[in-house]
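>>> just a sequence and a predicted model for now, questions to come.
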2 protein chains.
Amino acid sequence: MPAHEREFCDTIGLVLGVDIGATKIAAGVVNAQAEVGASVLLPTRAAEGYAVSRAQVFAAIEHLFSPEIRAIGICAPGPLNPKTGIMVNPPNLPGWRNIPLADEVCRHCGVPCRLENDANAAGLAEARFGAARGFSSVFYVTLSTGIGSGIILDGKIYHGKNGAAAEGGHVTIDYGSETLCACGSRGCIEALASGTAMAARAGMSTEQIGRAAAAGDALALRILDESAEMIGAWLGSVISLLDPDIIVVGGGVSQIGEPLFARLRRIAPARTINQFAYATPIVPAQLGANAGVLGAAAMVLT
Amino acid sequence: MPAHEREFCDTIGLVLGVDIGATKIAAGVVNAQAEVGASVLLPTRAAEGYAVSRAQVFAAIEHLFSPEIRAIGICAPGPLNPKTGIMVNPPNLPGWRNIPLADEVCRHCGVPCRLENDANAAGLAEARFGAARGFSSVFYVTLSTGIGSGIILDGKIYHGKNGAAAEGGHVTIDYGSETLCACGSRGCIEALASGTAMAARAGMSTEQIGRAAAAGDALALRILDESAEMIGAWLGSVISLLDPDIIVVGGGVSQIGEPLFARLRRIAPARTINQFAYATPIVPAQLGANAGVLGAAAMVLT
């Protein structure tokens, strides 16, 4: 074992962070300094059903578990209930229906376990260890195949009554829209401006949109402009409602980078009541693919 | 002095609640049981400028002030800064520009003073003494000439970084709308569905809309349907984002009553991600015209 690994194992208060996604399962041993030690990354065999993907999760946990692990934090796609630790019915994980995962992992390993929505966990990670470190109210956004969000107030995830808060992707920005959202409503920002929606309108991936826009491609620029207009108006609404210290934007679509951020920083303030009073910083996420594991760990790190 | 007044004055911990509005100034002596004793109500001479309306406010305070008064709470139209106690530039109170009102009243009377946005104060009053008593997260809405809101979490007003949070009236529900809002943005719920907007579209007051809709008038029903569609979509967005325990709706337009509330209770859940999981109660405000004075008092009642 190399020296830095030994040192890592020597620190007290190790926890396990587990990030269950529709495409990958990531898990890592995390210490109180938010350093990730041993880790596991594997493609989720979601299509093979609950028994198979569940076995993958437990295998990853067993692989990393040791007597030093004090607690386990897990994040996963919603809907789920962080108060009861139950995964309700994530659309992209077939068969995971009303699974009391936190309870099952806790009994399996004999340590406390918490379950959290993946966007909330990533937001907590950015607030504690990443782009929003030192800020007391944080609105975290993940622009990906869908649009997720997390609200972190004074270092804690804001859950709402039913543990279902911060579903910012399902704020309507066009109440009269005919565009159906997976949630059943219409005109949600997710239905109109997610990576999936952008790619469908452009006929190319969001990576390609980013590159083509940078090269001056007219279609890519139009899709980027239109999407930024929508996302900017939506962020402006969030600013009017929550007045957060900072907005952190992560997820695959945020990799478009400056062409996207420059537009959001111009549009969002103009869509708020407070446009002349102050500017809410809109910054890229810093933790990348590690945000899930770190956020899951952060929930159970004291 | 009648017995009940004497009894009121005998209780310890009296405070003064002052509600500065564009059309009226209300103030009252309030005890820890949220009972209003002596009070003052007068039309605001806003059009006569700052010196006149300011003198009215101070006269109301002096009229009610006594050595028993421990503190003074004031609510007023925004924009204002509750952290510094400064009224910034309320559009309907000409001349009130960067006035450090809390500080001035504190020095004038020699007791602590707090300043708060009127919708936040009314929300606090409903959460502590009214329709949302016993609920821990409350979204308060005032449907009036404008649309205001307040977010009350665990009995405290949620302020955000700049004290500017809960400006729910400036959430856009139609990002592509050409309808300008007073805030400078477009498509805000306030610009599209406030009492002013409803009355302009109907060619009659919102009281008349309510009565005519109840009598089956086609135009009134159409305006009510359209407005409820917008307000319902907006409340659905708020539910997805905040998952509050309860939504309380007050303000003049809420006096339309059941024809409005029945529509909102049908539309709002269908515009959330959680439409099948649970129903967020949407209830009328209970404190009516007293909400401002009681909310202002609540800020300084321990």
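Looks like it arrived, so ask away. Numbering: from 1, shown residues only, chains lettered A, B, ... in the order given.
>>> all contacts plus neighbour counts: C-alpha atoms, from now on.
OK.
>>> surely residue A:124 meets residue A:153?
No - Residue A:124 is beyond contact range of residue A:153, at 9.4 Å (criterion: Cα atoms under 8 Å).
>>> of these two, which one has the most company?
residue A:124 (33 against 18; other Cα atoms under 10 Å in any protein chain shown).
>>> tell me the contacts of that one?
Residues near residue A:124 by Cα atoms under 8 Å, 6 or more residues apart in numbering or on different chains: A:150, A:152, A:155-157, A:295, A:298-299.
>>> quick one: the helices in the stretch 1-150 of chain A, in order.
Under the criterion DSSP state H, counting those that start in this stretch, the stretch 1-150 of chain A carries helices at the ranges A:3-10, A:50-64, A:101-109, A:118-129.
>>> distance to residue B:272 and mean pLDDT added to those, as JSON lines?
Output for the helices of the stretch 1-150 of chain A, formatted as JSON lines (distance: least, Cα to Cα, whole Å; pLDDT from 0 to 100):
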{"stretch": "helix A:3-10", "distance to residue B:272": "44", "mean pLDDT": "45"}
{"stretch": "helix A:50-64", "distance to residue B:272": "27", "mean pLDDT": "97"}
{"stretch": "helix A:101-109", "distance to residue B:272": "25", "mean pLDDT": "96"}
{"stretch": "helix A:118-129", "distance to residue B:272": "18", "mean pLDDT": "97"}
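>>> most tightly packed of those helices?
helix A:118-129 (a mean of 29; mean count of other Cα atoms under 10 Å in any protein chain shown).
>>> using PDB, write out every CA atom in that one.
This file holds the C-alpha atoms of helix A:118-129, laid out as PDB (Å, rounded to 0.1, in the frame of the first residue of the first chain):
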ATOM      1  CA  ASP A 118     -28.500  12.700  -6.500                       C
ATOM      2  CA  ALA A 119     -28.800  16.400  -7.300                       C
ATOM      3  CA  ASN A 120     -29.200  17.300  -3.600                       C
ATOM      4  CA  ALA A 121     -26.100  15.300  -2.800                       C
ATOM      5  CA  ALA A 122     -24.100  16.900  -5.600                       C
ATOM      6  CA  GLY A 123     -25.300  20.300  -4.400                       C
ATOM      7  CA  LEU A 124     -24.200  19.500  -0.800                       C
ATOM      8  CA  ALA A 125     -20.800  18.400  -2.100                       C
ATOM      9  CA  GLU A 126     -20.300  21.600  -4.000                       C
ATOM     10  CA  ALA A 127     -21.400  23.600  -1.000                       C
ATOM     11  CA  ARG A 128     -19.100  21.800   1.400                       C
ATOM     12  CA  PHE A 129     -16.100  21.000  -0.800                       C
END
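>>> hmm, back to that, show me which of the contacts of residue A:124 is closest to residue A:99.
Nearest to residue A:99 among the contacts of residue A:124, counting by Cα to Cα, is residue A:299 at 19.7 Å.
>>> from residue B:285, how far off is the closest residue in space to the closest one that isn't next to it in sequence?
In space, residue A:299 comes closest to residue A:73 once its chain neighbours are excluded; the distance is 6.1 Å by Cα to Cα, 6 or more residues apart in numbering or on different chains. Residue A:73 sits 41 Å away from residue B:285, going by Cα to Cα, to the nearest Å.
>>> who has more neighbours, the two?
With neighbours defined as other Cα under 10 Å, residue A:73 and residue B:285 compare such that residue A:73 has more, 28 against 25.
>>> pull the contacting residues for the more buried one.
Per Cα under 8 Å, 6+ apart, neighbours of residue A:73: A:15-18, A:113-116, A:296-300.
>>> tell me which two of those sit farthest apart.
Greatest spatial distance in the contacts of residue A:73: A:15 and A:116, 15.2 Å, computed using Cα to Cα.
>>> tell me what the residue nearest to residue A:170 when sequence neighbours are not counted is bridged to.
Spatial nearest neighbour of residue A:170, excluding adjacent residues (Cα to Cα, 6+ apart): residue A:188 at 4.8 Å. Counting by DSSP bridges, residue A:188 forms beta bridges with residue A:172.
>>> which residues of chain A lie near chain B?
Chain A comes close to chain B at residues A:137, A:159-168, A:170-176, A:183-186, A:230, A:233-234, A:236-245, A:270-274, as judged by Cα under 8 Å from any Cα of the partner chain.
>>> go through the residues you listed and flag which are in helices.
Residues from those lying in helices, with DSSP state H as the criterion: A:230, A:233-234, A:236-242, A:270.
>>> contacting residues around residue A:248?
Shown in contact with residue A:248 (Cα under 8 Å, 6+ apart): A:123, A:126, A:131-132, A:138-141, A:282-285.
>>> SS state for it?
Assigned by DSSP: H, G, I helix; E, B strand; the rest coil, the conformation of residue A:248 is strand.
>>> re the thing from before, the contacts of residue A:124 in helices, which ones?
Applying DSSP H to the contacts of residue A:124, the entries found in helices are A:295, A:298-299.
>>> where in chain A is pLDDT low?
Where chain A drops to pLDDT under 70, the residues are A:1-12, A:275-277.
>>> so which residue is dead centre in it?
Centre of chain A computed as the mean C-alpha position; nearest residue by Cα atoms, centre = their mean is residue A:119, 2.7 Å away.
>>> pretty sure that residue sits against residue A:143.
No - the criterion here is Cα under 8 Å, and residue A:119 misses it with residue A:143 at 10.2 Å.
>>> list residues touching both of those two?
Common contacts of residue A:119 and residue A:143, defined by Cα under 8 Å, 6+ apart, are absent altogether.
>>> for chain B, see how far away residue A:48 is.
Applying Cα to the nearest Cα, to the nearest Å, the value for residue A:48 to chain B is 27 Å.
>>> burial count for that residue?
Counted by other Cα under 10 Å, the residues lying close to residue A:48 total 12.
>>> same question, residue A:257
Based on other Cα under 10 Å, the number of other residues close to residue A:257 is 12.
>>> return the closest of the contacts of residue A:248 with respect to chain B.
The shortest approach to chain B among these belongs to residue A:138, at 9.9 Å (Cα to the nearest Cα).
>>> any idea what that closest one is bridged to?
Under DSSP bridges, the beta-bridge partners of residue A:138 are residue A:152, residue A:246.
>>> and for it, the neighbour number?
31.
>>> also residue A:226?
By other Cα under 10 Å, the burial measure for residue A:226, its neighbour count, is 15.
>>> from residue A:233, how far off is it?
Where residue A:233 is concerned, residue A:226 sits at a distance of 11 Å (Cα to Cα).
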